[in-house]
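Colleague: Structural data only, the sequence is not supplied:
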Ligand SMILES: CC(=O)N[C@@H]([C@@H](O)[C@H](O)[C@H](O)CO)[C@@H](O)CC(=O)C(=O)O
């Protein structure tokens with residue numbers, strides 16, 4: 001059974017995969033990106049090749065190279081590098097899991113296969129078990145994101161007895177809004193030392209109350225500092241400040257969700273906020289529109305997420 005080097009907790013940035021304007025992976029900015037996460041956002045854990053990283057839009061070879069680049073550039077700077085190795089093909093997933101172990105990643109995560117889907121818990125567990133067995137020394141996390149996979153098996157059901165089948169299971173990445181399911185995952189596994197990582201950034205405070213031990217998300221790439229302020233307020237039981245921070249974060253996410261928000265828009269926002277040119281998404285995704293970028297930039301400035309030095313009309317609504 002894997003003995004976790006350290007528990008995965010706190011904020012985990014779901015990394016973007018930087019690309020050139022021609023859609024090729026831009027490895028040249030990953031070192032700068034690591035430094036930005038650590039120094040500017042206070043985020044020292046990353047989740048590579050996930051949804052935000054367009055992992056399922058990359059070839060197996062590209063996913064190996066991207067994993068290698070983040071592990072290498074993150075060495076002695078990041079605390080944990082978890083690689084998403086989920087795939088439609090069990091063989092691809094096993095190859096990526098074994099590769100993650102070979103390059104010194106700190107853990108692997110797997111989503112449910114979403115084309116030929118597992119229709120019950122046993123079928124899903126058996127798939128996950130086969131992947132985990134390819135990296136028997138690495139902590140294993142299940143990546144629950146039913147809105148995108150269409151696999152509606154409740155996480156609470158999946159976790160029941162999971163370590164009997166997957167001894168390396170160390171936790172759950174829960175990217176869903178069903179707080180009953182999430183709460184029961186925590187409630188029914190109090191005796192375990194699982195990592196309960198919440199994946200809906202705009203609702204993180206509610207999940208913290210339910211027992212989340214950390215969070216994996218796209219917005220921690222550029223709002224990690226703000227979100228850490230919320231975590232710190234929560235930990236010192238200053239729930240009024242924690243709520244204010246959550247509302248501030250929500251004001252931005254609510255705004256961009258109404259404009260149409262996904263990986264493409266995340267890439268545009270990251271370039272805006274960090275100054276790191278993470279480039280466009282890969283088809284089938286399309287670049288964020290100019291209109292989105294202008295609107296998002298104005299909102300970031302009004303919320304004081306960007307330097308507002310050049311904000312003329314002073315319509316600041318900075319969060320407390
Ligand atoms: C559907 C989706 O992309 N969800 C994001 C959230 O961080 C999401 O961007 C955020 O809550 C804003 O809605 C993460 O759960 C995804 C994630 O962790 C990943 O990129 O692997």
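Modeller: Received it, and whenever you're ready, just let me know what you need. All of these numbers come straight from a predicted model, not from anything done at the bench. Residues are numbered from 1 along each chain as shown.

Colleague: Quickly note the distance from residue 33 to residue 111.
Modeller: 23 Å (C-beta to C-beta, to the nearest Å). Every residue, glycine included, has its C-beta placed from N, CA and C.

Colleague: should've said residue 88
Modeller: From residue 88 to residue 111 the distance is 10 Å (C-beta to C-beta).

Colleague: Low-confidence ranges, this protein, go.
Modeller: 1-5, 307-318, 320 (pLDDT under 70).

Colleague: Residue 80: what's it in contact with?
Modeller: 6, 8, 12, 44-46, 106-107 (C-beta atoms under 8 Å, 6 or more residues apart in numbering).

Colleague: Quick check on these: which are buried?
Modeller: Buried by 16 or more other C-beta atoms under 10 Å: 8, 12, 44-46, 106-107, out of the contacts of residue 80.

Colleague: In terms of distance to the ligand, which of the residues you listed ranks first?
Modeller: residue 12 (7.9 Å; C-beta to the nearest ligand atom).

Colleague: give me the element the residue in the chain that the ligand sits nearest to is part of.
Modeller: Going by C-beta to the nearest ligand atom, the ligand is nearest to residue 50 of the chain, at 2.3 Å. Element membership for residue 50 (DSSP states H and E) is empty, with no helix or strand holding it.

Colleague: Could you list the residues of the stretch 151-300 of the chain in contact with the ligand?
Modeller: Residues of the stretch 151-300 of the chain lying near the ligand by C-beta under 6 Å from any ligand atom: 175, 199-202, 216-219, 253.

Colleague: Could you work out the most separated pair of those residues?
Modeller: 216 and 253 (15.3 Å; C-beta to C-beta).

Colleague: thinking again about what came up before, tell me which two of the buried ones among the contacts of residue 80 sit farthest apart.
Modeller: 44 and 107, at 14.3 Å, using C-beta to C-beta across those.

Colleague: So residue 216 and residue 253 - more neighbours on which side?
Modeller: residue 216 (29 against 18; other C-beta atoms under 10 Å).

Colleague: The more buried one contacts residue 14, doesn't it?
Modeller: Yes. Between residue 216 and residue 14 there is a contact under C-beta atoms under 8 Å: 5.6 Å.

Colleague: got the residues of the stretch 1-150 of the chain near the ligand?
Modeller: 14, 47, 50-52.

Colleague: Output these as CSV; include the columns neighbour count and distance to residue 149.
Modeller: Formatted as CSV, these follow (neighbours: other C-beta atoms under 10 Å; distance: C-beta to C-beta, whole Å):
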residue, neighbour count, distance to residue 149
14, 28, 16
47, 31, 16
50, 30, 12
51, 22, 10
52, 25, 15
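
Colleague: Which of those sits closest to residue 77?
Modeller: residue 47 (15.9 Å).

Colleague: what element comes up after the strand or helix carrying the closest one heading to the C-terminus?
Modeller: If you go by DSSP H and E, residue 47 is part of strand 45-48. Note on strand 45-48: by DSSP H and E, the next helix or strand toward the C-terminus is helix 60-74.

Colleague: rewinding a little: if you count what's nearby, which of residue 88 and residue 111 comes out ahead?
Modeller: residue 111 (26 against 12).

Colleague: Next one: the more buried one from residue 244, what distance?
Modeller: In terms of C-beta to C-beta, residue 111 sits 34 Å off from residue 244.

Colleague: and what of residue 217?
Modeller: On the measure of C-beta to C-beta, residue 217 and residue 244 end up 19 Å apart.
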